[in-house]
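Visitor: predicted model follows, preceded by the sequence.
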Amino acid sequence: MEDYLVKATTHDGMIRAYAISSTRLVEEARRRQDSWATTTAALGRTLTITTMMGAMLKGENTLTVKVEGDGPIGAIVADGNAKGEVRGYVSNPHVDFELNEQGKLDVRRAVGTSGSVSVIKDLGLKDYFTGQVPIVSGEISEDFTYYFATSEQTPSAVGAGVLVNPDHSVSSAGGFIVQIMPGASDEVITHLEKQLQSFPSISALISKGYKPEEVLQRLFDDTEVKIHEKMSVHFLCKCSKERFEQAIISLGKDEIQAMINEDHGAETVCHFCNEKYYFTENELISLVQEGK
């Protein structure tokens, strides 16, 4: 299935919803990070949610999400924008555990239960918007549910899931964000809460062939779901050799000269996509001259 996201409303606009199929996107991130199963689930959930949060932005606005727990995978970092483009990495991709008591990947153990979730938004203003909340479960979805309620004061239900094959490749991935708008009736809220309690795993639905709009239709049962937009989503890194050139220049003449004297060149690696960029000795000499 093609990876894409839908934006929708229901109950006469009292509920706003997003749903996404992100299997290929998460698999691309897994391949580039060479992550193991449990880490892939944690990274994939974060990327899936970040992509939906990016779809809430407009124009050239962007956001950076950081999940920094006390678990062995370390920090998870993801960048997203309003165009459905996302990238991300995890500090320690080679972490995996036995399945938990529920027979699922033990994301909580990998992420940790102490730490923070932070969101930094570049909305084109003088200052960035920054929101930060403590990790409440380490399961990622619950942590972002808490983030929306606490930092953005928007009651929300967040779900994201990743199924991983025995060879560690991604079988299916997807998610949803449902938000209650001001003026929503108690009846609507109660009905939604009831539906969420019995709702199946989002990754299981995606693996059965459910499309994002069908996920929302199942969630809202017999209520009409109005789809406002369908957006293609994919993993995209913004790195380039030119960006790394500027980073090297910023190190200063002495540091670059040390690279020339000791290594006769340099190799740089992007955290997000693991793309490598090589600089010859002559290229570094040019950068020394450019940085004068």
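Guide: Cool, the structure landed. Residues are numbered from 1 along each chain as shown.

Visitor: now do the SS call for F144.
Guide: Assigned with DSSP: H, G, I helix; E, B strand; the rest coil, F144 falls in the helix class.

Visitor: which ones are touching the spatially closest residue to it that is not a sequence neighbour?
Guide: Distances taken as C-beta to C-beta, 6 or more residues apart in numbering put V158 closest to F144, at 4.5 Å, once the chain neighbours are dropped. No exception for glycine: its C-beta is placed from N, CA and C like everyone else's. V158 is in contact with 49, 141-142, 144-145, 148, 175-178, counting by C-beta atoms under 8 Å, 6 or more residues apart in numbering.

Visitor: is V158 located within a helix, as I assumed?
Guide: No - per three-state DSSP, V158 lies outside any helix segment and is strand.

Visitor: distance check, it against I20.
Guide: V158 sits 12 Å away from I20, going by C-beta to C-beta, to the nearest Å.

Visitor: quick one: common contacting residues for the two?
Guide: In contact with both V158 and I20: 175-176, using C-beta under 8 Å, 6+ apart.

Visitor: in PDB, list the C-alpha atoms belonging to the lengthiest helix in the chain.
Guide: Using DSSP state H to define each element, the chain has its longest helix at helix 37-54. The C-alpha trace of helix 37-54 is given here as PDB (Å, rounded to 0.1, in the frame of the first residue of the first chain):
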ATOM      1  CA  ALA A  37      13.000  -4.900  16.000                       C
ATOM      2  CA  THR A  38      12.200  -3.200  19.300                       C
ATOM      3  CA  THR A  39      14.100  -0.100  18.400                       C
ATOM      4  CA  THR A  40      12.400   0.000  15.000                       C
ATOM      5  CA  ALA A  41       9.000   0.000  16.800                       C
ATOM      6  CA  ALA A  42      10.000   2.900  18.900                       C
ATOM      7  CA  LEU A  43      11.500   4.900  16.100                       C
ATOM      8  CA  GLY A  44       8.600   4.000  13.700                       C
ATOM      9  CA  ARG A  45       6.000   5.100  16.200                       C
ATOM     10  CA  THR A  46       7.800   8.400  16.700                       C
ATOM     11  CA  LEU A  47       8.200   9.000  12.900                       C
ATOM     12  CA  THR A  48       4.500   8.100  12.300                       C
ATOM     13  CA  ILE A  49       3.300  10.600  14.900                       C
ATOM     14  CA  THR A  50       5.800  13.300  13.800                       C
ATOM     15  CA  THR A  51       4.500  13.000  10.200                       C
ATOM     16  CA  MET A  52       0.900  13.600  11.400                       C
ATOM     17  CA  MET A  53       2.000  16.500  13.600                       C
ATOM     18  CA  GLY A  54       3.800  18.000  10.600                       C
END
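
Visitor: off-centre distance for it?
Guide: In terms of C-alpha atoms, centre = their mean, to the nearest Å, the centre of helix 37-54 is set 4 Å apart from its chain centre.

Visitor: wait, doesn't G174 sit right on G209?
Guide: No - taking contacts as C-beta atoms under 8 Å, G174 lies outside contact range of G209: 11.4 Å.

Visitor: who has more neighbours, these two?
Guide: Taking neighbours as other C-beta atoms under 10 Å, G174 and G209 compare with G174 leading, 32 against 10.

Visitor: for whatever helix or strand that one lives in, buried residues please.
Guide: Under the criterion of DSSP states H and E, G174 resides in strand 170-180. Across strand 170-180, burial judged by 16 or more other C-beta atoms under 10 Å covers 170, 172-180.

Visitor: picking that back up, quick one: the longest helix of the chain to strand 170-180, angle?
Guide: Computed by axes from the mean of the first three to the mean of the last three C-alpha atoms, to 10 degrees, the angle separating helix 37-54 from strand 170-180 equals 40 degrees.

Visitor: any idea how far the helix or strand following helix 37-54 is from the chain center?
Guide: Downstream of helix 37-54, the next assigned helix or strand under DSSP H and E is strand 62-69. Remark: strand 62-69 is offset 8 Å from the chain centroid, using C-alpha atoms, centre = their mean.

Visitor: neighbouring strands - and their directions - for strand 62-69?
Guide: With DSSP bridges as the test, strand 62-69 is paired with strand 75-81 (antiparallel), strand 115-122 (antiparallel).

Visitor: quick one: contacts of the longest one?
Guide: Contact with strand 115-122 is made by 53, 57, 61-70, 128-135, 143-144, 146-147, 151, as judged by C-beta under 8 Å, 6+ apart.

Visitor: re the thing from before, and of the strands paired with strand 62-69, who's closest to C270?
Guide: Smallest distance to C270 across the strands paired with strand 62-69 (C-beta to C-beta): 11.8 Å, for strand 75-81.
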